[in-house]
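Colleague: A predicted structure for the sequence below; I have some questions about it.
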Amino acid sequence: MDTLYIYNTLSRKKEKFEPITPGFVGIYVCGPTVYDHSHVGHAKSYISFDVIVRYLRYLGYKVKYVQNLTDVGHLLGDSEEGEDKITKKARLEKLEPMEVAEFYARSYFEDMDILGNIRPDISPRASGHIIEQIDMIRMLIDKGLAYETGGNVYFDVRKFPEYGKLSGRKIEELEAGVRVEVAEDKKHPADFALWKKAAPEHLMKWNSPWGKGYPGWHIECSSMSTKYLGETFDIHGGGLENIFPHHECEIAQSEGTFDKPFVKYWMHNNMVTVDSVKMGKSLKNFITIKDAVKRYMPLAIRYFILMSHYRSSLDFSEKALDAATTGLKKIQNFMVRIQDAIASVDETSRQPILPLEKFENNFRAAMNDDFNTAQALAATFDIISEVNKILDDKKNQPGKSELQQLQGVMKKTLGDVLGLISREHAESKTSGEDFDHLMDVLLDVRSDLRKEKNFQIADKIRDGLGSIGVSIKDTPDGASWEKE
RNA sequence: GGCGACGUACCCAAGUGGCUAAGGGAGAGGUCUGCAAAACCUUUAUGCGGCGGUUCGAAUCCGCCCGUCGCCUCCA
């Protein structure tokens, strides 16, 4: 098995990846708060981790991928009495809070599906794990790491000396420059809520040993990740804005509860920017995935995101997406060309002439270096160029079996790992046998017309097909077609 | 104020001590072609924000400066 290196936020270094249990990987990624449609920024995060999971599977690991859905809502703004996000949305839309959460959870899955992400193995909802969260809070209180005061429960950061080890912050320094009004019932300004007392008008609330309330901002991830992956697991991922306070607090809660390391490798993706400023809800500079896919091919968005490293920020622009679209088409054209070549080449045992091994080595080397998808794509374009060159040179053609081998390699790397080959391009371009036969007849007629130099009618057929999304390419070996 | 990043060609973006600084897009010229598309060939950074330093050797390490951004409040 190859040696994989992963950048660990905890050590701020690339580390050799060695799972806790050989052959198995447990990974938890912070999922969305389902109160609005996802935007391109979310796409970067979830596509990055999707590819990470896919690559781990490609390497042969049995991966359990857990990603939560936050559907209990959390405080808005700095007021203690503030409505939570989901309740606010529910009021604005005149819906049950759970209806809002359900609607946007479905929207989220739709978006991820269309972008080609494989669904997590478990998508636990915070609302379905209130009991587990209460249990964990109770343990923290019993161990003296948390305290209850008037229906609120806070984590006592001074009881957890390692608080700050992920984000490099120090408890003493957190006091200075805090932008938020400090709740008066906290023992220390940096103490964070495990359980919040609900105001009477608060809609999402549950019974607990401390009265009616709702869980704090960070406890769901601690309890759900450890429930499904164990008290120590391999990888925890999320956006880098979650390093502090979210992940720092998760560590405090989990390690405080179980007295053992929480996570071996912390991974954080960088953000999508627009004119170099973070794409986000508050700035209103976001574009939803639903809007983006109306404009660009979903896989072009995926390709755009994979063109940069997951730890780099990526600037969103029309120009960049147009470039990505053209780049993706180059890949798709190539897959069609291989398919056509396989169909037309006779079976002969020829010497292998395609640089397959070199490509797979380069691809793996790139991915093994902290999932460098940009470099993996560069390796992909190298082989595309080389193979195109070989196919252009009619004197020395690869045999059928080698072409099939090439197709297999591309499906594994570009397809299974990067998720950039749509089903049509993976198998064949067909969308049904009837359609194929129809196209055969049509192209045969058009070929006759061209032989008779009746270009006017021939072009009319091509234009007509083009308008319904079928593009025709005339090659020396006959016409080839492709459905968008 | 504290913590942390980043600045590579017209655009996007890899590369973090040593062959001629990946790859994609765009532009220009060419091959092929009825045209179109695709593909191929040639071409576009003696230089990687600036100035010093370390080194036989730096885009890559160190220092200072300039610029941009993120986190410190829910946030992918």
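Modeller: Perfect, thanks for sending it. Computed from a predicted structure; not experimentally measured.
Colleague: Is the residue nearest to residue A:307 when sequence neighbours are not counted within a helix or a strand, and which one?
Modeller: Excluding its sequence neighbours, the residue lying closest to residue A:307 (Cβ to Cβ, 6 or more residues apart in numbering) is residue A:374, at 5.7 Å. Placement of C-beta: from N, CA and C, glycine included. Per DSSP states H and E, residue A:374 falls inside helix A:373-392.
Colleague: what does residue A:28 give?
Modeller: Take DSSP H and E as the rule and residue A:28 turns out to sit in strand A:24-29.
Colleague: Can you tell me the strand partners of that strand and which way each runs?
Modeller: According to DSSP bridges, strand A:24-29 has the following sheet partners: strand A:62-67 (parallel), strand A:233-239 (parallel).
Colleague: Just the mean pLDDT for it, thanks.
Modeller: What strand A:24-29 shows for mean pLDDT is 98.
Colleague: immediately after that strand, which helix or strand?
Modeller: Next along from strand A:24-29, by DSSP H and E: helix A:40-58.
Colleague: before we move on, the earlier item: hmm, residue A:306 and the residue nearest to residue A:307 touching each other?
Modeller: Yes. Between residue A:374 and residue A:306 there is a contact under Cβ atoms under 8 Å: 7.3 Å.
Colleague: Who has more neighbours out of these two?
Modeller: For residue A:374 versus residue A:306, neighbours defined as other Cβ atoms under 10 Å are more numerous around residue A:306 (23 against 14).
Colleague: Pull the contacting residues for that one.
Modeller: Counting by Cβ atoms under 8 Å, 6 or more residues apart in numbering, residue A:306 touches A:47, A:51, A:373, A:374, A:377, A:418, A:420.
Colleague: Please apply the same query to residue A:72.
Modeller: A:84, A:86, A:126, A:127, A:130, A:204, A:214, A:215, A:220.
Colleague: Excluding sequence neighbours, find me the nearest residue to residue A:327.
Modeller: Nearest residue to residue A:327 in three dimensions, chain neighbours excluded: residue A:303, at 6.1 Å (Cβ to Cβ, 6+ apart).
Colleague: how close does the one you found get to residue A:415?
Modeller: Per Cβ to Cβ, to the nearest Å, residue A:303 is found 13 Å from residue A:415.
Colleague: So between those two, which is more surrounded?
Modeller: Counting neighbours by other Cβ under 10 Å for residue A:303 and for residue A:415 shows that residue A:303 has the greater number, 27 against 21.
Colleague: Next, the angle helix A:40-58 makes with the helix or strand containing that one.
Modeller: Here residue A:303 sits within helix A:298-306, counting by DSSP H and E. In terms of direction (axes from the mean of the first three to the mean of the last three Cα atoms, to 10 degrees), helix A:298-306 departs from helix A:40-58 by 80 degrees.
Colleague: starting at the chain centroid, how far to helix A:298-306?
Modeller: With Cα atoms, centre = their mean, to the nearest Å as the basis, helix A:298-306 stands 11 Å off its chain's centre.
Colleague: Buried ones in that helix, by neighbour count?
Modeller: Buried residues in helix A:298-306, defined by neighbour count with 16 or more other Cβ atoms under 10 Å: A:298, A:299, A:300, A:301, A:302, A:303, A:304, A:305, A:306.
Colleague: pLDDT of it, averaged?
Modeller: 96.
Colleague: From the contact counts, what lies against the helix or strand that comes right after it?
Modeller: Note on helix A:298-306: by DSSP H and E, the next helix or strand toward the C-terminus is strand A:314-316. Under the contact definition 3 or more Cβ pairs under 8 Å, 6 or more residues apart in numbering; DSSP states H and E, strand A:314-316 sits against strand A:272-274.
Colleague: on that earlier part again, export the contacts of residue A:72 to a markdown table and tack on pLDDT, neighbour count and secondary structure?
Modeller: Below are the contacts of residue A:72 laid out as a markdown table (pLDDT from 0 to 100; neighbours: other Cβ atoms under 10 Å; DSSP: H, G, I helix; E, B strand; the rest coil):
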| residue | pLDDT | neighbour count | secondary structure |
| --- | --- | --- | --- |
| A:84 | 76 | 22 | strand |
| A:86 | 76 | 29 | helix |
| A:126 | 95 | 26 | helix |
| A:127 | 94 | 20 | helix |
| A:130 | 96 | 19 | helix |
| A:204 | 86 | 19 | coil |
| A:214 | 93 | 25 | strand |
| A:215 | 94 | 26 | strand |
| A:220 | 95 | 27 | helix |
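Colleague: and which of the buried residues of helix A:298-306 is nearest to residue A:385?
Modeller: Using Cβ to Cβ, residue A:303 comes nearest to residue A:385 of those, at 16.9 Å.
Colleague: where do the strands sit along the stretch 101-250 of chain A?
Modeller: Ranges of strands in the stretch 101-250 of chain A, per DSSP state E, counting those that start in this stretch, are A:146-149, A:152-155, A:192-197, A:213-215, A:233-239.
Colleague: Quickly run through the sheet partners of the third one, with directions.
Modeller: What it means is strand A:192-197. If you go by DSSP bridges, strand A:192-197 pairs up with strand A:152-155 (antiparallel), strand A:213-215 (antiparallel).
Colleague: Pull the contacting residues for residue A:249.
Modeller: For residue A:249, the contact set (Cβ under 8 Å, 6+ apart) comprises A:155, A:192, A:217, A:218.
Colleague: just checking, next helix/strand downstream of the helix or strand of chain A with the lowest mean pLDDT?
Modeller: Least confident helix or strand of chain A, by mean pLDDT, DSSP states H and E, is helix A:423-426 with a mean of 55. Sequence-wise, the next helix or strand downstream of helix A:423-426 (DSSP H and E) is helix A:433-451.
Colleague: Now do the strand holding residue A:28: distance to the chain's middle.
Modeller: 14 Å.
Colleague: can you check stretch A:231-250 too?
Modeller: 16 Å.
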